[in-house]
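>>> I'd like to go over a predicted model; first the sequence, then the structure.
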Amino acid sequence: MSQTVESRNGAMIVDLDAHAFEAGTVRLAVHGAEGSPLDFSDPAVRAAIVTALSDDPFAPFAQDALKAHAPAALAALDAALPDHDELARLAPLWRPRLLLLADRKDELTGEQTVVLRFEERLREIKRGMAEAEAAGDEDAREALHAKYIEVGTTYAGRLAAREQ
């Protein structure tokens, strides 16, 4: 069962599980590291998530809102490591993104920077696919889907190599 919230103006419903990093950033900033970072049921967390939403259906979280939450989220993440098992598993992916949002990119390693570029490229392609689908352009969507698979495979290989 997915966790959803409705935007302030009721124009869209956002599946928080599909935007786990963004919702998790807000949750960590508001609620700290106690419990699961992927549990968005607390009313204060849900209210903060709603205020962090944008009007863009292809990018439902406002970057400025995420940037405002990033320092507190990063502090909560770092304070919980290495003892919080779930955050320890998420940290290799979430911490670099939080560093970037918190304007601390000078702390990123070269490998983290490369991985973040892959992630950004995948988000761009995914957005393009959604826009093409909304416009009814199936050829463009299929071409972008092929590109997504290509970039995603390279990204996954990069992550797998990092674990060895």
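Cool, got the structure. Numbering: from 1, shown residues only.

>>> gap between the residue nearest to Ala62 when sequence neighbours are not counted and Met129?
The shortest distance from Ala62 to any non-neighbouring residue, by C-beta to C-beta, 6 or more residues apart in numbering, is to Ser54 (4.1 Å). Yep, even glycine has a C-beta here, placed from its N, CA and C like the rest. Distance of Ser54 to Met129, computed by C-beta to C-beta, to the nearest Å: 19 Å.

>>> give me the element the residue nearest the centre of the chain is part of.
With distances taken as C-alpha atoms, centre = their mean, Phe21 lies nearest the centre of the chain, 3.2 Å away. Assigned by DSSP states H and E, Phe21 falls within helix 20-31.

>>> helix or strand next in line after that helix, which one?
As assigned by DSSP H and E, the chain's next helix or strand after helix 20-31 is helix 43-51.

>>> which of the residues in that following helix are buried?
Using 16 or more other C-beta atoms under 10 Å as the test for burial, helix 43-51 gives 45-46, 48-49.

>>> can you pick out the most distant pair from these?
Farthest pair in the buried residues of helix 43-51 (C-beta to C-beta) is Arg46 and Ala48. Separation: 7.4 Å.

>>> and the helices in this structure?
20-31, 43-51, 63-80, 85-101, 110-134, 138-163 (DSSP state H).

>>> show me what the third one is packed against.
Meaning helix 63-80. Where contact means 3 or more C-beta pairs under 8 Å, 6 or more residues apart in numbering; DSSP states H and E, helix 63-80 is packed against helix 20-31, helix 85-101.

>>> for Leu93, which non-adjacent residue is closest in space?
Nearest to Leu93 is Phe21, by C-beta to C-beta, 6+ apart, at 7.5 Å.

>>> against Ala132, how distant is the one you found?
Shown here: Phe21 relative to Ala132, a distance of 24 Å by C-beta to C-beta.

>>> okay, the buried residues of helix 43-51 in a markdown table with distance to Ile149 and pLDDT next?
Putting the buried residues of helix 43-51 into a markdown table (distance: C-beta to C-beta, whole Å; pLDDT from 0 to 100) gives the following:
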| residue | distance to Ile149 | pLDDT |
| --- | --- | --- |
| Val45 | 34 | 95 |
| Arg46 | 34 | 94 |
| Ala48 | 35 | 97 |
| Ile49 | 30 | 96 |
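
>>> for these, give me JSON lines that also has distance to Ala62.
Putting the buried residues of helix 43-51 into JSON lines (distance: C-beta to C-beta, whole Å) gives the following:
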{"residue": "Val45", "distance to Ala62": "16"}
{"residue": "Arg46", "distance to Ala62": "16"}
{"residue": "Ala48", "distance to Ala62": "12"}
{"residue": "Ile49", "distance to Ala62": "11"}
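
>>> thank you kindly, that will do.
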